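>>> just a sequence and a predicted model for now, questions to come.
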Number of protein chains: 2
Amino acid sequence: MKSKHTVLILGGFGFIGRNLTESLLVCGKYKVVVFDSPNLSADYIPPHPDLSVILGDFNSPADLLKVFSEHHFDTVVHLISTTIPATSNGINMVYDVETNLVPTLRLLSLMKEHGVRKIVFASSGGTVYGPAAAKTGGPIPETAVTSPICSHGIIKLTIEKYLVLYKHLHGLDYLILRIANPFGEYHRSEVQGLVNVALKQSVKGAAIQVWGDGNIVRDYIYVKDCVLAIHLLMEKNLVNETVNVGTGVGYSVNDVLSVISRVTGPLQIKRNPGRSFDAPEVVLDISKMRSLIDIRFVPLEIGIRNTYKWLLSHNR
Amino acid sequence: MKSKHTVLILGGFGFIGRNLTESLLVCGKYKVVVFDSPNLSADYIPPHPDLSVILGDFNSPADLLKVFSEHHFDTVVHLISTTIPATSNGINMVYDVETNLVPTLRLLSLMKEHGVRKIVFASSGGTVYGPAAAKTGGPIPETAVTSPICSHGIIKLTIEKYLVLYKHLHGLDYLILRIANPFGEYHRSEVQGLVNVALKQSVKGAAIQVWGDGNIVRDYIYVKDCVLAIHLLMEKNLVNETVNVGTGVGYSVNDVLSVISRVTGPLQIKRNPGRSFDAPEVVLDISKMRSLIDIRFVPLEIGIRNTYKWLLSHNR
């Protein structure tokens, strides 16, 4: 019998991490080690024979070293991010560098020392391209110019460059996934992610904040589709590629709110001035992903309906 | 009478900095403040009525704050780099981030707080593109893909992205200069920069280290031409552009050594295995620079001859 593939999920308690962990465990082919912060155990993953959990701080070299001393991994999936686009600018730029880029470089060094062969990295399809790529019109391919307008996007891009460098210098295989705007179950942020935040506000009976005229367009992907795409790309053993993970379809903020109101009933909306770090339109060209895996997307309204049911059942 | 333009040169004791300071002072239109490390005062710049010198550590927030508290600047020229391509990989990646990227972010924040309008940044034409851009053949334009194979190049590129972000968020004008391989007077490194290192070894009667077969090709630019180009681009008041600064002409390591031997007499050469971070060919497309300024380059042999004379007269 073939032994199971051991995967470390950095950020396994997080939004995508929690869903991906479930997906990998369900298929039965993986042993999963989750590393995440002890502060994030709200939706603690139920025990499973193929699951180990290590609590620690991604910024602590000792904690990270412990992870690699205790296990051997075939693949590391790096989903940790300490910033979100909206707060990454300003004085937080240095924080972004010190808490995302620096520990990722330590991680790469540890992976090299411990002979780990592959890293899957969650980059940000929503921020690495920036408005310059979008200006050319239509969905954005992986080859587009990358001119982020938030520190979060710059750091994601810089990490991508270091992954390419590690491949070049040390043969460490990478898979870079430029993920669009995911929404769905196990999302936690109170401020980031339009669909989930709007649904939460609606459940609370509170107003939804909208910045600008509501015409900015994004590529919203239901997290179960997003995680299925990641899982399928991992199964293909695709390496040393950068792949957009989105739906290829854009919805404006106003479109999304209109779909949400069909699910929840009328919404209270508070309109604020536009924000300088919001590109007008970011929709990903997913031709490359489609050429690699076969995936059919859940319609936006169904995804929103599922998320709403989950929110109500979790009373948040 | 128009008041003089005040320029801060970060790294004014360095190779390009020392030459640029001289060029700006000679033309009489600038007040120059040099900020550099007290360890670097070997070729201390002679006193000049338009020159102030502040000694300090670029990595010290207090030292940097002092600079901006004591002077108002129209332009900051950022030439400091704590790493070179050959040593920037390996464990030094974190050092590269912490000593180049982080203090540059602090610098940008200080510039914003103190109302400085413009930054000129010395990026690295030799490393930001990487072999992927060179593979397409011919000189590399500013629009080429950027896939560095050393940390030094990744950090230069990341700083470029933050400059674009600061323009977007705060209106801070930038001029990014992707400088090729400069050589000439006031060069100090014992390990970086083929022409100067080879000349120094020749003066010492020591062997010149060559990595690989000597066929890798670079765009060597005499530092006085390089600094004239920077000076002329600054005079044009060109902003929010990225410009290659090179000659557009490539010479192999063997070519260069052959020219040097015509100047110095026969050379001792020690050949070593190739290095993974050396792209085979990097020659810059300088059409953009040529469309902006009128410059005639000193022939390679003359530049080398001048450098050799300077080295002999400085006994190093």
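Cool, got the structure.
>>> now do stretch A:304-316, average pLDDT.
Mean per-residue pLDDT for stretch A:304-316: 88.
>>> give me the contact list for it.
A:183-185, A:187, A:195-196, A:199-200, A:203, A:222, A:224, A:259-260, A:263-264, A:298 (CB atoms under 8 Å, 6 or more residues apart in numbering or on different chains). Heads up, the C-betas are built off the backbone N, CA and C, glycines and all.
>>> what's the answer for stretch A:95-105, then?
A:58-59, A:64, A:78, A:80-83, A:88, A:151-152, A:155, A:158-159, A:162, B:93-94, B:97-98, B:101-102, B:105.
>>> 7 Å instead, please
Around stretch A:95-105, the neighbours that count as contacts under CB atoms under 7 Å, 6 or more residues apart in numbering or on different chains are A:58-59, A:64, A:78, A:81-83, A:88, A:151-152, A:155, A:158-159, A:162, B:93-94, B:97-98, B:101-102, B:105.
>>> could I have the buried ones of the residues you listed as ChimeraX selection syntax?
The buried residues among the contacts of stretch A:95-105 can be selected in ChimeraX (16 or more other CB atoms under 10 Å in any protein chain shown) with this line:
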select /A:58,59,64,78,81,82,83,88,151,152,155,158,159,162 /B:93,94,97,98,101,102,105
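>>> gap between the residue nearest to A:Ala122 when sequence neighbours are not counted and A:Leu228?
Nearest residue to A:Ala122 in three dimensions, chain neighbours excluded: A:Leu79, at 4.7 Å (CB to CB, 6 or more residues apart in numbering or on different chains). A:Leu79 is 15 Å from A:Leu228, where distance means CB to CB, to the nearest Å.
>>> now A:Asn181
16 Å.
>>> over to A:Ile80?
21 Å.
>>> quick one: contacts for the residue in the stretch 201-316 of chain A positioned nearest to chain B?
Using CB to the nearest CB, A:Ser276 is the residue of the stretch 201-316 of chain A that sits closest to chain B, at 5.5 Å. A:Ser276 sits next to B:168-169 when contact means CB under 7 Å, 6+ apart.
>>> tell me the secondary structure at it.
Under the three-state scheme (DSSP: H, G, I helix; E, B strand; the rest coil), A:Ser276 adopts coil.
>>> follow-up on the earlier one: between A:Asn181 and A:Leu228, which one's more packed in?
More crowded of A:Asn181 and A:Leu228, by other CB atoms under 10 Å in any protein chain shown: A:Asn181, with 23 against 19.
>>> that one and A:Asp219 touch, don't they?
Yes: using CB atoms under 7 Å as the test, A:Asn181 is close enough to A:Asp219 to be in contact (6.0 Å).
>>> and A:Ile221, what does it touch?
A:180-182, A:246-247.
>>> pretty sure A:Leu228 sits against A:Ile295.
Yes: at 6.2 Å, A:Leu228 counts as touching A:Ile295 under the criterion of CB under 7 Å.
>>> between the two, what contacts are shared?
With CB under 7 Å, 6+ apart, A:Leu228 and A:Ile295 have no common neighbours.
>>> I'd like the next helix or strand past the lowest-mean-pLDDT helix or strand in chain A.
Across the helices and strands of chain A, mean confidence by mean pLDDT, DSSP states H and E is lowest for helix A:85-88: a mean of 72. Using DSSP states H and E, the helix or strand that follows helix A:85-88 in sequence is helix A:92-96.
>>> alpha carbons of that next one, in CSV - could you do that?
Provided in CSV are the C-alpha atoms of helix A:92-96 (Å, rounded to 0.1, in the frame of the first residue of the first chain):
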residue,chain,number,x,y,z
ASN,A,92,1.9,48.7,8.6
MET,A,93,4.1,48.3,5.6
VAL,A,94,7.1,47.4,7.8
TYR,A,95,4.9,45.1,9.8
ASP,A,96,3.8,43.4,6.6
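>>> what's the mean pLDDT across that helix?
In this model, helix A:92-96 has a mean pLDDT of 90.
>>> before we move on, what about stretch A:180-196?
Mean predicted confidence for stretch A:180-196 is 90.
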